[in-house]
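> Sequence unavailable; structure follows:
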């Protein structure tokens, strides 16, 4: 059942992401990735609101967390989870580890993308 909740939530989040990307392309054009920019920021804000509420004000059953946080927000943007993980490391006092995680994730993800592109270009 948990997998189904994540699956359905992920589908909803990905559909919403696609809609935001299309809307931003129509409104702002395609010279800058406004859709992804807005998605990463808004997803992180929503993740912070939910995580803060759950930590300080209330609780939610595990299925609800899986559906919303892992499913919907995971389908919408994984940047929200990256942001939450970074904040948790920082708030635990693991400043160096948080910095390593943030810089390493961004740098290695971009390097991985370029490596994948280079491999495909080489093989094509």
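Received it, and whenever you're ready, just let me know what you need. It should be emphasised that the depicted structure is a prediction, and the values quoted were computed from it without experimental measurement.
> starting at the chain centroid, how far to the lengthiest helix in the chain?
Criterion DSSP state H: the longest helix present in the chain is helix 95-123. From the chain centre to the centre of helix 95-123 is a distance of 16 Å (C-alpha atoms, centre = their mean, to the nearest Å).
> Quick check: mean pLDDT of that helix?
The average pLDDT within helix 95-123 is 92.
> Give the buried residues for it.
The neighbour-count criterion (16 or more other C-beta atoms under 10 Å) identifies 98, 101, 102 as the buried residues of helix 95-123. C-beta: built from backbone N, CA, C; applies to glycine.
> Let's have those in CSV, adding distance to residue 110.
Formatted as CSV, those follow (distance: C-beta to C-beta, whole Å):
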residue, distance to residue 110
98, 19
101, 15
102, 13
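> residues contacting residue 61?
The contact partners of residue 61, taken as C-beta atoms under 8 Å, 6 or more residues apart in numbering, number zero.
> residues near residue 84, how many?
Residue 84 sits with 17 neighbouring residues when counted by other C-beta atoms under 10 Å.
> Identify the nearest residue to it in space, disregarding sequence-adjacent positions?
Among residues not flanking residue 84 along the chain, residue 47 sits closest, at 5.2 Å (C-beta to C-beta, 6 or more residues apart in numbering).
> Output the contacting helices and strands for the host helix or strand of that neighbour.
Under the criterion of DSSP states H and E, residue 47 resides in helix 34-56. Using 3 or more C-beta pairs under 8 Å, 6 or more residues apart in numbering; DSSP states H and E, the elements in contact with helix 34-56 are helix 2-28, helix 73-76, helix 79-91.
> any idea of the mean pLDDT for the second one?
So the one you mean is helix 73-76. Per-residue pLDDT values over helix 73-76 give a mean of 93.
> Next up, the contacts around the spatially most central residue of the chain.
Closest to where the C-alpha atoms of the chain average out (C-alpha atoms, centre = their mean) is residue 78, at 2.0 Å. Listed by C-beta under 8 Å, 6+ apart, the contact set of residue 78 is empty.
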